[in-house]
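Novice: Let's see this in three dimensions:
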Amino acid sequence: MDLKIKGKKALVTGASRGIGKAIAENLSKENAKVAVVARNQTDIDATIKSIGGTEKGHVGIAIDLINENGPRTLLEKLKANFGEPEIVVHNLGGSLAIRDPLCSIKEWRKVWRYNLEVPIEINNMLIPNMKKNLWGRLIHISSVSGIENLGPIPYCSAKAALTAYSRSLGRVL
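Specialist: Purely as a prediction, here's the structure:
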């Protein structure tokens with residue numbers, strides 16, 4: 001399939017295994033240059049190797065995006081070593097093993113930051129350039145849990161918010 005993204009720069013968060021790794025592999029098959037981002041450097045290195053390595057323009061960055069300056073630090077590293085992404089696949093997410101609906105507000109915020117705030121922060125930094133260049137793609141991987149309430153309430157509510165954000169942002173852009 002030709003998605004007409006040859007040479008485009010793509011960022012995939014949560015890309016070291018599972019769905020994220022498969023997305024990175026398929027973007028590389030379309031000859032996009034892929035920035036693989038996750039927390040585990042060993043997994044990132046394996047993914048980079050599986051998609052053709054740094055010699056094909058791919059990069060891997062180990063970073064915990066949930067940290068307060070995580071998204072900004074990531075984009076600074078990308079600009080220095082890769083360039084600004086034109087395609088962003090927000091695959092980062094999960095319950096962080098927080099299952100109690102009566103958990104602390106601190107725990108609620110952690111789940112929401114992980115699933116919703118990080119994509120918003122990254123988008124806010126990248127969208128202006130995408131608009132200036134009249135080209136860009138944002139993909140948010142959500143979950144049926146945000147619609148069907150299948151899982152821990154903090155996670156389900158964060159994914160529901162991500163879906164609402166994505167739909168609303170799509171209308172605005």
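
Novice: What is the end-to-end distance of stretch 100-107?
Specialist: Start-to-end span of stretch 100-107 (C-alpha to C-alpha, to the nearest Å) is 9 Å.

Novice: same question but for stretch 74-90, I mixed them up
Specialist: 13 Å.

Novice: Show me which residues of that stretch are buried.
Specialist: 74-75, 78, 82, 85-90 (16 or more other C-beta atoms under 10 Å). (Each C-beta comes from the backbone N, C-alpha and C, glycine too.)

Novice: Now do it: everything it contacts.
Specialist: 5, 8-13, 15, 20, 23, 27, 32-33, 35, 37, 57, 59, 61, 63, 65, 118-119, 122-123, 125-126, 129-130, 133, 135-141 (C-beta atoms under 8 Å, 6 or more residues apart in numbering).

Novice: what's the answer for stretch 159-167, then?
Specialist: 93, 112, 115-116, 119-120, 138, 140, 142-143, 145-147.

Novice: mind running it again at 6 Å?
Specialist: By C-beta atoms under 6 Å, 6 or more residues apart in numbering, the surrounding residues in contact with stretch 159-167 are 115-116, 140, 142-143, 145-146.

Novice: Next, the buried residues of it.
Specialist: When burial is assessed from 16+ other C-beta under 10 Å, stretch 159-167 yields the following buried residues: 159-163, 165-166.

Novice: What of stretch 26-43?
Specialist: 27-28, 30, 32-38, 43.

Novice: Pick out whichever of those sits closest to Ile51.
Specialist: Ranked by distance to Ile51 (C-beta to C-beta), those are led by Ser28 at 3.8 Å.

Novice: Please, which helix or strand holds the closest one?
Specialist: Taking DSSP states H and E as the criterion, Ser28 maps to helix 18-29.

Novice: chain center to that helix, what's the gap?
Specialist: 12 Å (C-alpha atoms, centre = their mean, to the nearest Å).

Novice: Whichever helix or strand comes after that helix - contacts with which helices or strands?
Specialist: Next in sequence after helix 18-29, counting helices and strands by DSSP H and E, comes strand 33-38. Strand 33-38 is packed against strand 9-13, helix 18-29, helix 41-50, strand 59-62, with contacts defined by 3 or more C-beta pairs under 6 Å, 6 or more residues apart in numbering; DSSP states H and E.

Novice: Out of these, the one nearest Asn69 is which?
Specialist: Among these, the nearest to Asn69 by C-beta to C-beta is strand 59-62 (13.9 Å).

Novice: Next SSE downstream of the closest one?
Specialist: Assigned by DSSP H and E, the successor of strand 59-62 is helix 70-81.

Novice: All set, thanks.
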